[in-house]
Every structure is written in structure tokens, then in C-alpha cells.
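In: Everything below, folded, please.
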Amino acid sequence: MATAKDALGFRDTQRLLHGSIDSKVVDEPVTARTRDEFRLLSVQDVADILRTTPKAVYAMFARGQLPAPHRIGRRLLIAEQDLLRWLKERRELSPEHRR
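Out: Model prediction:
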């Protein structure tokens, strides 16, 4: 079974090795919920979810209309939970539900 150590990035792994992260916290098993919290979506994934083009997603990032992406190398990635939270906050009720 995977552990939280498997989900750590390089810097976190280095901090764990040098003792600045409590190993008790990292030894807990990774649950499905934990994996979902760390899931990163590509620009194409975001475009598919929003039913638009990758070019439109880049423009939305540039205008600050989407949650801030993580830049890894040349790639822009967005946390799935951030996108879903953003969508939920901007959801409009249909006219019959507004009354």
C-alpha cells in the first residue's frame, strides 16, 4: 500500500530526510481522499471539464479568471479540488430556484 511518502515532492522528501518534517505525519497511509486532494489537471483536462479549448484556458489563467495554477517546468497544472471549488462558487441557480 502506498504511503504519504509516495505523494511527497522532492523538497518534502529532502526535508523528511534531514529531519524538518515529522515522520509520524508522513507514515500515515494515503487514502483515496488524500490522492484526490493532490490530483493535478493539465490545461487539456481543464479545457475538457469546462468544455472549451486549451487556448481559452490559457487566456483565463492570464486574466486571473481561474484558480492559480502550479507551474512545473513549462507545464501549467491546476489542483482538481481548486477547480471544483471554483466551479461550485460560481454556479448560478436556475431561475426557478432563485425565488
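In: only C-alpha atoms for contact and neighbour calcs from this point on.
Out: Noted.
In: my guess is Leu77 contacts Leu66, does it?
Out: No - with contacts counted by Cα atoms under 8 Å, Leu77 stays clear of Leu66, the gap being 11.5 Å.
In: ok, Asp48 to Leu41 distance?
Out: Distance from Asp48 to Leu41, counting by Cα to Cα, to the nearest Å: 10 Å.
In: Of these two, which one has the most company?
Out: Leu41 (19 against 13; other Cα atoms under 10 Å).
In: Identify each buried residue in the longest strand along the chain, please.
Out: Assignment by DSSP state E gives strand 75-79 as the longest strand of the chain. For strand 75-79, the neighbour count (16 or more other Cα atoms under 10 Å) marks 76-79 as buried.
In: Repeat that for stretch 87-95.
Out: Per 16+ other Cα under 10 Å, stretch 87-95 contains no buried residues.
In: As JSON lines, the buried residues of strand 75-79 with distance to Tyr58 and pLDDT would be great.
Out: Formatted as JSON lines, the buried residues of strand 75-79 follow (distance: Cα to Cα, whole Å; pLDDT from 0 to 100):
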{"residue": "Leu76", "distance to Tyr58": "9", "pLDDT": "92"}
{"residue": "Leu77", "distance to Tyr58": "11", "pLDDT": "95"}
{"residue": "Ile78", "distance to Tyr58": "12", "pLDDT": "94"}
{"residue": "Ala79", "distance to Tyr58": "15", "pLDDT": "94"}
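In: ok, of the residues you listed, which one's closest to Glu89?
Out: Distance to Glu89, by Cα to Cα, is smallest for Ala79 among the buried residues of strand 75-79, at 15.6 Å.
In: Just to check, the closest one is in contact with Leu41?
Out: Yes - Ala79 is in contact with Leu41 according to Cα under 8 Å; the separation is 6.1 Å.
In: list the contacts for Pro69?
Out: By Cα atoms under 8 Å, 6 or more residues apart in numbering, the contact set of Pro69 is 61, 76-79.
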